[in-house]
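[1] Dropping a prediction and its sequence here:
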Number of protein chains: 2
Amino acid sequence: MQAAPIKFRLGSRGRPEESRAAILLAAVREFSDNGIAGARVDAIARAAKVNKALVYYYFKDKEALYGAVLDHVFSGLTSCISEALSKNSPPRDRILAYAGAHFDYIAGHPLYPRIVQAELMRAGRGGATHLERIGKQYFRRIFSHVAEVLRQGMSAGDFRMVDEMHFITSMVAIITFYFNSAPVMRLMTGVDPISKDQVAKRRAAVLDFIAAALFEPRRNPKGVRS
Amino acid sequence: MQAAPIKFRLGSRGRPEESRAAILLAAVREFSDNGIAGARVDAIARAAKVNKALVYYYFKDKEALYGAVLDHVFSGLTSCISEALSKNSPPRDRILAYAGAHFDYIAGHPLYPRIVQAELMRAGRGGATHLERIGKQYFRRIFSHVAEVLRQGMSAGDFRMVDEMHFITSMVAIITFYFNSAPVMRLMTGVDPISKDQVAKRRAAVLDFIAAALFEPRRNPKGVRS
DNA sequence: TTATAATCTAACTAACCAGTTAATTAATTT
DNA sequence: AAATTAATTAACTGGTTAGTTAGATTATAA
């Protein structure tokens, strides 16, 4: 466990950006593994190969570090989703594009949903929360964007009539939940739910579920109807 | 904040069952508010109006107390769901009965989903988990019961063809997620998502979503079968 | 080349918190 | 009424952990 024999003493002013990034990365892992209360600043510093005081040099305190982690996570997610939504295609495609992008982002960052969930859970009772900032800064934009697509699809007759807010909530639920409950599934089924092919299966199931729940049956699925 | 002037010194051997129950109840609240790492045994004792040592008298340690809380929560949930599933009605009704019962139970116990979510999150990495016991003792029974109903409905042509595991996961997601994300919603919409009428709206949206995603369009929407 | 300021660390502190101990109270048995 | 045992508590202990301090190191500016 002892470090490499030749110690790269880059001295002070070594790689400030690298140090900061290393701390943030380690914090993402530590917070997602243990939640905020369970996370240990010492562990973060160790994982980032940095003195603990440096953590406090770059971030005011544990809470602020946690806030930075949240910003990191959500800015990545929202920019990814925004891009998927920006394409100008028919409502059906856009909804599926959104859902697919959201799913893929989470699948590609398996640590993130735990952090999101952990933060969601803090708001119930207790002191300071970052949720207000996060909600205003990230959620609202995406939410109204998706809601707009839903309205378009409904008025075009492509979608069933649904309550936008509840429908979006349900989509997020389906997209997200699988990754949080993966441990239980592993226990119950014996297979690894995070493996490539299992994730692919889940993706298909999610899109199928959403499409079935939202899309108005086509008049002409390929030939005729009724 | 000082206690009542007349102290009901019931002395030792007061109400053992009551003490134990008070501890468990306080623990449900504390664990659901703060997660296991954030929960404070002192706070539980205080809330239960009991000396901290008594907590350790009745429960081996914090971990065991947490386990007892989980058992309490899940036994209630599963027995409630089992009852809803036991009725012998057509698959469509049974699925909606299950979803409705699950939803209602959670709506009636708003502290519980947080505990469930917290426990789900512990399995990712870390030491001992109660999840294995919980899964075997509670989840499996319900899971296979619901899966059986799905298979019946599919082979009867009432349901679309779906993967049971993924579909159940999605249903649980939709039923559950709303309550966890309530704080965000409160922030974003300004209304209280846990209020009676908001919960009722959500319930309708959930059942509508599930029905639309699962039920095969009826040949004869109101009359007889083919 | 010296001063300045940014980057980084070893070692410390003060608070916190899970769990223990040893004693106390009262219901029940003998 | 003495002995026993279940229920309960005040006060303590020891390990952990967030956060601090005072100083070291070096790139860059003056």
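    That came through, no problem.

[2] Would you mark the buried spots in the longest helix seen in chain A?
    Identified as the longest helix of chain A according to DSSP state H is helix A:62-86. For helix A:62-86, the neighbour count (16 or more other CB atoms under 10 Å in any protein chain shown) marks A:62, A:65-74, A:77-78, A:80-81, A:84-85 as buried. C-beta: built from backbone N, CA, C; applies to glycine.

[3] how far is the helix or strand following that helix from where the chain is centred?
    The first helix or strand that comes after helix A:62-86 along the chain, using DSSP states H and E, is helix A:91-108. Helix A:91-108 has its average C-alpha position 12 Å from the chain's average C-alpha position, going by CA atoms, centre = their mean, to the nearest Å.

[4] Output helix A:91-108 as PDB, restricted to C-alpha atoms.
    Below are the C-alpha coordinates for helix A:91-108, written out as PDB (Å, rounded to 0.1, in the frame of the first residue of the first chain):
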ATOM      1  CA  PRO A  91     -42.900  14.800 -30.600                       C
ATOM      2  CA  ARG A  92     -42.700  11.000 -30.500                       C
ATOM      3  CA  ASP A  93     -39.100  11.000 -31.400                       C
ATOM      4  CA  ARG A  94     -38.200  13.800 -29.200                       C
ATOM      5  CA  ILE A  95     -39.700  12.200 -26.100                       C
ATOM      6  CA  LEU A  96     -37.900   9.000 -26.800                       C
ATOM      7  CA  ALA A  97     -34.700  10.900 -27.500                       C
ATOM      8  CA  TYR A  98     -35.100  12.600 -24.100                       C
ATOM      9  CA  ALA A  99     -35.700   9.400 -22.300                       C
ATOM     10  CA  GLY A 100     -32.900   7.600 -24.100                       C
ATOM     11  CA  ALA A 101     -30.400  10.400 -23.400                       C
ATOM     12  CA  HIS A 102     -31.400  10.600 -19.700                       C
ATOM     13  CA  PHE A 103     -31.100   6.800 -19.400                       C
ATOM     14  CA  ASP A 104     -27.800   6.700 -21.200                       C
ATOM     15  CA  TYR A 105     -26.300   9.400 -19.100                       C
ATOM     16  CA  ILE A 106     -27.200   7.600 -15.900                       C
ATOM     17  CA  ALA A 107     -26.000   4.300 -17.300                       C
ATOM     18  CA  GLY A 108     -22.700   5.900 -18.200                       C
END
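
[5] what packs against that helix?
    Applying 3 or more CB pairs under 8 Å, 6 or more residues apart in numbering or on different chains; DSSP states H and E, one finds that helix A:91-108 contacts helix A:62-86, helix A:112-122, helix A:140-155, helix A:164-180, helix A:196-214.

[6] That helix to helix A:196-214, inter-axis angle?
    Put simply, helix A:91-108 runs at 150 degrees to helix A:196-214, going by axes from the mean of the first three to the mean of the last three CA atoms, to 10 degrees.

[7] List the buried residues of helix A:91-108.
    A:91-92, A:94-103, A:105-107.

[8] Low-confidence ranges, chain A, go.
    A:1-14, A:124-128, A:219-226 (pLDDT under 70).

[9] Around residue A:25, count how many other residues there are.
    16 (other CB atoms under 10 Å in any protein chain shown).

[10] For burial, what's the neighbour tally of residue A:40?
    Residues near residue A:40, counting by other CB under 10 Å: 14.

[11] show me what contacts it?
    By CB atoms under 8 Å, 6 or more residues apart in numbering or on different chains, the residues touching residue A:40 are A:30, A:34.

[12] Would you mind listing the buried residues in stretch A:109-126?
    Quick answer for stretch A:109-126 (16+ other CB under 10 Å): A:109, A:111-124.

[13] Which members of the residues you listed are the farthest-apart pair?
    A:109 and A:124 (25.0 Å; CB to CB).

[14] tell me which element the spatially closest residue to residue A:123 that is not a sequence neighbour falls in.
    The shortest distance from residue A:123 to any non-neighbouring residue, by CB to CB, 6 or more residues apart in numbering or on different chains, is to residue B:183 (3.1 Å). Under the criterion of DSSP H and E, residue B:183 resides in helix B:182-189.

[15] got the CA positions of that helix in CSV?
    The C-alpha atoms that make up helix B:182-189 are tabulated as CSV, following Å, rounded to 0.1, in the frame of the first residue of the first chain:
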residue,chain,number,x,y,z
ALA,B,182,-41.9,15.5,-3.2
PRO,B,183,-39.5,18.1,-1.8
VAL,B,184,-38.3,19.1,-5.2
MET,B,185,-41.8,19.3,-6.5
ARG,B,186,-42.8,21.5,-3.6
LEU,B,187,-39.9,23.8,-4.6
MET,B,188,-40.7,23.8,-8.2
THR,B,189,-44.5,24.0,-8.2
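
[16] Any chance you could list what contacts that helix?
    Outside helix B:182-189, the residues that reach it (CB under 8 Å, 6+ apart) are A:120, A:123-124, A:129, A:131-132, A:135-136, A:139-140, A:143, A:165, A:169, B:178, B:192-194.

[17] One more pass at 10 Å, please.
    A:116, A:119-125, A:129, A:131-136, A:139-140, A:143-144, A:165, A:169, B:110, B:113, B:178, B:181, B:191-194, B:198-199, B:202 (CB atoms under 10 Å, 6 or more residues apart in numbering or on different chains).

[18] Run through the residues that contact residue A:193.
    A:178-179, A:181-186, A:199, A:201-202, B:165, B:169.
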